[in-house]
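In: Need coordinates for the following:
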Amino acid sequence: MKVRKPLVAGNWKMNGDIASNEQLFTALRAAPERVPAAQVEVVVCPPYPYLGQAAAWLGDTGVAWGAQDVSAHPNGAHTGEVSASMLADLGCRWVVIGHSERRQAGETDEQVAAKLARCAAHEIGVIACVGETLAEREAGATETVLARQLDAIASTLLAGGASAAPGRFVLAYEPVWAIGTGRTASPDTAQAAHRFLRERLAVRGYRESGYVRILYGGSVKANNAAALFAMPDVDGGLIGGASLVADEFLDICRAAALA
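Out: Numbering: from 1, shown residues only. Okay, here's the model as predicted:
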């Protein structure tokens with residue numbers, strides 16, 4: 001058993017409807033029977049309109065729910081955005097920030113840092129995503145990119161607050177070249193990136209770096225989860241498409257629990 005309790009988060013992206021969600025939530029309600037809650041933390045992140053549905057179905061199960069994004073602004077004239085205070089009102093315990101799909105749409109490192117600050121102010125846990133593109137990896141710039149993305153949020157992290165505590169601040173390494181492509185980083189490749197991130201946190205002065213959970217987020221499936229989670233610095237996964245298939249998602253959660 002690892003010192004850090006593994007976490008598996010399902011990112012549904014822009015998928016789902018009331019009927020299909022109910023099927024997934026019904027299966028997730030059985031998660032405690034299939035996945036030992038004492039050994040793994042499970043989170044699901046549906047689209048904004050279904051957060052209330054998630055709360056109603058999962059509120060008494062031990063499975064947490066989170067949002068896929070949050071505004072960098074506290075409130076005001078920002079049509080279409082959702083603030084951290086609104087998510088806190090819903091009982092939302094987690095928010096994904098800096099996802100590669102948001103970054104590719106123009107989100108900056110500075111905006112990701114602002115989102116972390118908003119979550120910290122409302123005691124919402126964060127899953128902060130970092131990762132390199134194929135071109136950046138092939139150029140040998142993986143560590144440079146990861147350092148830049150991590151350094152951007154370091155000052156907010158070091159300022160403290162509940163969202164900066166090791167249990168509530170989670171990193172997710174997303175090799176962009178492995179998301180939705182069917183390609184997956186080898187366990188050793190993932191471990192190297194995760195070890196770099198942990199060491200970078202320590203260099204930046206985050207004393208609890210050894211306790212921060214770092215998830216792998218590059219096409220994790222039930223058939224590769226165990227090998228990835230066996231790596232010493234891989235503490236679970238941020239799961240995309242596989243989180244929409246209840247049996248596969250729960251198999252991934254079980255692999256994390258047994259790692």
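In: Would you mind pulling up the elements that the helix or strand encompassing L201 packs against?
Out: Assessed by DSSP states H and E, L201 sits inside helix 187-203. Contact analysis of helix 187-203 by 3 or more C-beta pairs under 8 Å, 6 or more residues apart in numbering; DSSP states H and E lists helix 142-158, strand 169-173, strand 213-216, helix 225-229 as its packing neighbours. Yep, even glycine has a C-beta here, placed from its N, CA and C like the rest.
In: Could you identify which of the ones you listed has the lowest mean pLDDT?
Out: Lowest mean pLDDT within the helices and strands packed on helix 187-203: helix 142-158, a mean of 93.
In: Summarise which helices and strands that one is packed against.
Out: By 3+ C-beta pairs under 8 Å, 6+ apart, helix 142-158 packs against helix 109-121, strand 125-130, helix 134-138, strand 169-173, helix 187-203.
In: lowest-confidence stretch among these?
Out: helix 134-138 (a mean of 91).
In: Show me what that helix is in contact with.
Out: Residues from elsewhere that reach helix 134-138 (C-beta atoms under 8 Å, 6 or more residues apart in numbering): T142, T144, V145, P175, V176, W177.
In: surely the last one meets R183?
Out: Just to be clear, that refers to W177. Yes: assessed by C-beta atoms under 8 Å, W177 is found in contact with R183 at 6.4 Å.
In: list residues touching both of these two?
Out: Common neighbours of W177 and R183 (C-beta under 8 Å, 6+ apart) are G218.
In: Counting neighbours, go ahead and name the busier of these two.
Out: Neighbours per residue (other C-beta atoms under 10 Å) separate W177 from R183, with W177 holding more: 18 against 12.
In: Excluding covalently adjacent residues, which one is nearest to that one?
Out: L134 (3.6 Å; C-beta to C-beta, 6 or more residues apart in numbering).
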